[in-house]
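J.: sequence unavailable; structure follows:
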């Protein structure tokens, strides 16, 4: 089984200088690199004056982590590609693939909060999801062509490459049949340099939740990454991905193939200690997430949540814990992971312990106990992008 660490960097109340946040992330990455972890993942959020999410550029953060590690794979969960110029992002990630020695995993997402989407790219407004989805698909297609075609062109709803009617007359760059119209001299195709180190490009992941996103990822050769739903509620999602992927590829894809799950983790000697050290941190973060998303994604299959006066009245540590949290002793955490393996054939598990307000040393202790007492109970399953 592959284990990855989700480095969702935060700085509650912006109490720490940012260079300390960076160094704490490096410390986690160096530890995971030395101790058999498969991957470490950064994320992207903007305008976070609350300090709950403070990484605005996951690719840049990954470049730093790659420089401080040797073997661990470096990923983003996710690059919000609807915010980016597709060619520039393709170039950045191709360079990062070389800088990391081919250790790059590329996660992509559509965006979540209108505060971010409208102020990064109004076309990406998540309140108009169909437009957002078309922009997402088009951006991804441009990136793929930039990585895989020696010369590429694209004519879509949002992007046109190359820009029509442009000529480039230069003695050191004579026109080629592949990139220039011989009659007009107009550029007809572009070449992105460098191409990624990994052929044809780094492994691609999509952070998914809704049925349309699950179907899109499965049909378009993307691996899927889930977070919140309880294990039993994940099963129909895993089955949907398997069925769509099998149909798209014309071959049987096993349940769990190409799918990862992210879980909130805090491993301590006793169940009570996990709650004492990190319970407030994870509840605070879930309040942040669920104030916008609601609690529906936490439901067990067939569960109807009672109506309450407040939107988050049900949200507490005791309510969350049995649904999706790996909080407690090594034995308890291992039991819950075994359950995911048995029910979902789970092959890739991402975890994080550095919740808002949790002392860094306590998070490191949790990571260490998980590494030493839980990970050895699970055998490695080779997969795309695994290092030797």
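T.: In hand now; what should we look at? On a predicted model such as this, the values are computed, not experimentally measured, just so you know.
J.: phi, psi for residue 104 please.
T.: With angles defined as degrees, to the nearest 10, residue 104 shows backbone torsions of phi -80, psi 140.
J.: and it, how far from residue 212?
T.: As for residue 104, its distance to residue 212 is 27 Å (criterion: C-beta to C-beta, to the nearest Å). Heads up, the C-betas are built off the backbone N, CA and C, glycines and all.
J.: among these two, which residue is more densely surrounded?
T.: residue 104 (28 against 12; other C-beta atoms under 10 Å).
J.: my read: the more buried one touches residue 201, true?
T.: No: assessed by C-beta atoms under 8 Å, residue 104 is found out of contact with residue 201, at 9.0 Å.
J.: and for these two, which residues touch both?
T.: residue 97 (C-beta atoms under 8 Å, 6 or more residues apart in numbering).
J.: tell me, what residue is most central in the chain?
T.: Compute the mean C-alpha point of the chain, and by C-alpha atoms, centre = their mean the closest residue is residue 77, 1.7 Å away.
J.: residues touching it, list them.
T.: Taking C-beta under 8 Å, 6+ apart, one finds 6, 41, 42, 43, 58, 107, 109, 205, 207, 225, 262, 350 in contact with residue 77.
J.: return the member of the residues you listed nearest to residue 19.
T.: Nearest to residue 19 among those is residue 42, at 16.1 Å by C-beta to C-beta.
J.: show me where pLDDT drops low in the protein?
T.: 380-388 (pLDDT under 70).
J.: 50 instead, please
T.: Along the chain, the model assigns pLDDT under 50 to residues 381-388.
J.: the lengthiest helix in it - contacts with which helices or strands?
T.: Counting residues, the longest helix found in the chain (DSSP state H) is helix 271-293. Contact here means 3 or more C-beta pairs under 8 Å, 6 or more residues apart in numbering; DSSP states H and E; on that basis helix 271-293 packs against strand 259-267, helix 317-324, strand 325-328, helix 360-373.
J.: if you count neighbours, what's buried in that helix?
T.: For helix 271-293, burial by neighbour count (16 or more other C-beta atoms under 10 Å) applies to 273-275, 277-279, 281-286, 288-290.
J.: looking at the residues you listed, which is nearest residue 251?
T.: Once C-beta to C-beta is applied, the member of the buried residues of helix 271-293 that ends up nearest residue 251 is residue 289, at 36.5 Å.
J.: OK, contacts around residue 247?
T.: Neighbouring residues of residue 247 by C-beta under 8 Å, 6+ apart: residue 219.
J.: can I take it that it is in a strand?
T.: No: read with DSSP: H, G, I helix; E, B strand; the rest coil, residue 247 is helix and lies in no strand.
J.: okay, it and residue 253: tell me how far apart.
T.: If you measure residue 247 against residue 253 using C-beta to C-beta, the figure is 9 Å.
J.: my guess is residue 379 meets residue 36, correct?
T.: No: applying C-beta under 8 Å as the test, residue 379 and residue 36 come out as separate, 11.9 Å apart.
J.: okay, these two: which has more neighbours?
T.: Taking other C-beta under 10 Å, residue 379 and residue 36 do not tie; residue 36 has more neighbours (13 against 6).
J.: residues near the nearest residue to that one once chain neighbours are set aside, how many?
T.: Among residues not flanking residue 36 along the chain, residue 375 sits closest, at 6.8 Å (C-beta to C-beta, 6 or more residues apart in numbering). Applying other C-beta under 10 Å, we find 18 residues neighbouring residue 375.
J.: of all the helices and strands packed on helix 271-293, which lies closest to residue 334?
T.: Closest of these to residue 334 is helix 360-373, at 8.0 Å (criterion: C-beta to C-beta).
J.: helices and strands around the closest one, which ones?
T.: Short answer (3+ C-beta pairs under 8 Å, 6+ apart): helix 360-373 packs on helix 18-34, strand 259-267, helix 271-293, helix 330-344.
J.: distance from the third one to the middle of the chain?
T.: With C-alpha atoms, centre = their mean, to the nearest Å as the basis, helix 271-293 stands 21 Å off its chain's centre.
J.: do the same with stretch 320-330
T.: Going by C-alpha atoms, centre = their mean, where stretch 320-330 is centred and where its chain is centred differ by 21 Å.
J.: list the contacts of that stretch.
T.: By C-beta under 8 Å, 6+ apart, stretch 320-330 touches 228-231, 263-271, 274-275, 278-279, 282-283, 286, 298, 300, 333, 336-337, 351, 369-370, 373-374.
J.: still on that earlier bit, sort out which of the contacts of residue 77 are in helices and list them.
T.: Those of the contacts of residue 77 lying in helices (DSSP H): residue 58.
J.: which of the contacts of residue 77 fall in strands?
T.: Among these, the ones falling in strands (DSSP state E) are 6, 41, 42, 107, 109, 205, 207, 225, 262, 350.
J.: these: which two are farthest apart?
T.: Between any two of the ones in strands among the contacts of residue 77 (C-beta to C-beta), the greatest distance is 14.2 Å, for 109 and 350.
J.: let me see the ranges of the helices in the stretch 1-150 of the chain.
T.: 18-34, 58-67, 86-99, 114-120, 129-148 (DSSP state H, counting those that start in this stretch).
J.: format those as JSON lines; extra columns: mean neighbour count and distance to residue 219.
T.: Shown next, in JSON lines, are the helices of the stretch 1-150 of the chain (neighbours: other C-beta atoms under 10 Å; distance: least, C-beta to C-beta, whole Å):
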{"stretch": "helix 18-34", "mean neighbour count": "17", "distance to residue 219": "33"}
{"stretch": "helix 58-67", "mean neighbour count": "20", "distance to residue 219": "25"}
{"stretch": "helix 86-99", "mean neighbour count": "19", "distance to residue 219": "20"}
{"stretch": "helix 114-120", "mean neighbour count": "17", "distance to residue 219": "24"}
{"stretch": "helix 129-148", "mean neighbour count": "19", "distance to residue 219": "11"}
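J.: no more questions from me, cheers.
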